[in-house]
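S.K.: just need the structure, nothing else, for what follows:
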Amino acid sequence: FLTYPFQVIDGIVTEFGGDDLRKALEAQRADTQGVRCPVGNAVITPSYGLSEMYGVIVHAVPPFYRPLEVDAWVEQTIATYHAAFDAAFNTGLAALAVPLLGAGARGVDLPKTQAMRVAAQAAVSWRGIEDSAPTGSPQPMRMTLRFGVQDSSTAYAFADAIEEVMGTASRFEEAPPPPSGSERWALRN
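M.R.: Model (predicted):
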């Protein structure tokens, strides 16, 4: 199986970010093995060629999907989402656009439903909102997560995955639809 740069988010971001983005990524500190951002972690760079749409880019490194090691993959992928959410939140972002991590070149054998379920688990289980509120703040700080998918049937399936993961969690409540009809939930204080 072969993917081309324009078929995965990483390739598209790299193409539009150009040399400036490449240099910013190469400037990240590397560990003793030359790895600048290990699996399960995230780093932030300026957005360069994508600056009309985004101020910064959160680069997150999910694990490769291995059908015989699904539990480890799920755990590492959720940790990757949480690292990305934490990096964005700690930078003060109010919203984060998120692809289905690991569902491109790193998820060649990955069933799309599994990628959606793990993304839903990561979003629902992330506690940065509660844990990072400034002391004495009247309300916890919030960050909107906007997951990008390629078509409406995937969007509805992803919404169903979120509802399934949420179950009866009292932390969420159904939100009235906004004018665009694009968001379905709101966090309850």
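S.K.: what are the ranges of the helices in the chain?
M.R.: Along the chain, counting by DSSP state H, helices occupy 9-26, 70-90, 112-125, 128-131, 152-166.
S.K.: out of these, nearest to Pro62?
M.R.: helix 70-90 (4.6 Å; C-beta to C-beta). Where you see a C-beta, it was placed from the backbone N, CA and C, and this is true even at glycine.
S.K.: quick one: list the elements packing against the closest one.
M.R.: Here helix 70-90 touches strand 42-46, strand 56-60, strand 95-98, helix 112-125, helix 128-131, going by 3 or more C-beta pairs under 8 Å, 6 or more residues apart in numbering; DSSP states H and E.
S.K.: one step back: of all the helices of the chain, which lies closest to Ala42?
M.R.: helix 70-90 (4.2 Å).
S.K.: look up how far His59 lies from Arg36.
M.R.: Distance from Arg36 to His59, counting by C-beta to C-beta, to the nearest Å: 9 Å.
S.K.: now for these two: what residues contact both?
M.R.: 25, 43 (C-beta atoms under 8 Å, 6 or more residues apart in numbering).
S.K.: more neighbours: which of the two?
M.R.: Taking neighbours as other C-beta atoms under 10 Å, Arg36 and His59 compare with His59 leading, 21 against 15.
S.K.: so what pLDDT did the more buried one get?
M.R.: Looking at His59, its pLDDT reads 89.
S.K.: that one contacts Leu25, doesn't it?
M.R.: Yes: look at His59 against Leu25 with C-beta atoms under 8 Å: they come within range, at 7.0 Å.
S.K.: shared neighbours, those two?
M.R.: 43, 45.
S.K.: any idea how far the residue nearest the centre of the chain is from Asp31?
M.R.: In the chain, the centroid-proximal residue (C-alpha atoms, centre = their mean) is Val98; its distance is 4.0 Å. Taking C-beta to C-beta as the measure, Val98 falls 26 Å from Asp31.
S.K.: show the contacting residues for Gln33.
M.R.: Here Gln33 is in contact with no residue (C-beta under 8 Å, 6+ apart).
S.K.: just the pLDDT for it.
M.R.: 85.
S.K.: cool, and Thr168?
M.R.: Reading off the model, Thr168 has pLDDT 44.
S.K.: can you check the one 10 residues further on too?
M.R.: pLDDT, the model's per-residue confidence, is 47 for Pro178.
S.K.: residue ranges with poor pLDDT in the chain?
M.R.: 1-12, 105, 107-109, 128-141, 168-189 (pLDDT under 70).
S.K.: which one is Ala157 nearest to, not counting chain neighbours?
M.R.: Met116 (6.0 Å; C-beta to C-beta, 6 or more residues apart in numbering).
S.K.: that neighbour: neighbour count?
M.R.: 24.
S.K.: which residues touch it?
M.R.: 100, 154, 157-158, 161 are the contacts of Met116 under C-beta under 8 Å, 6+ apart.
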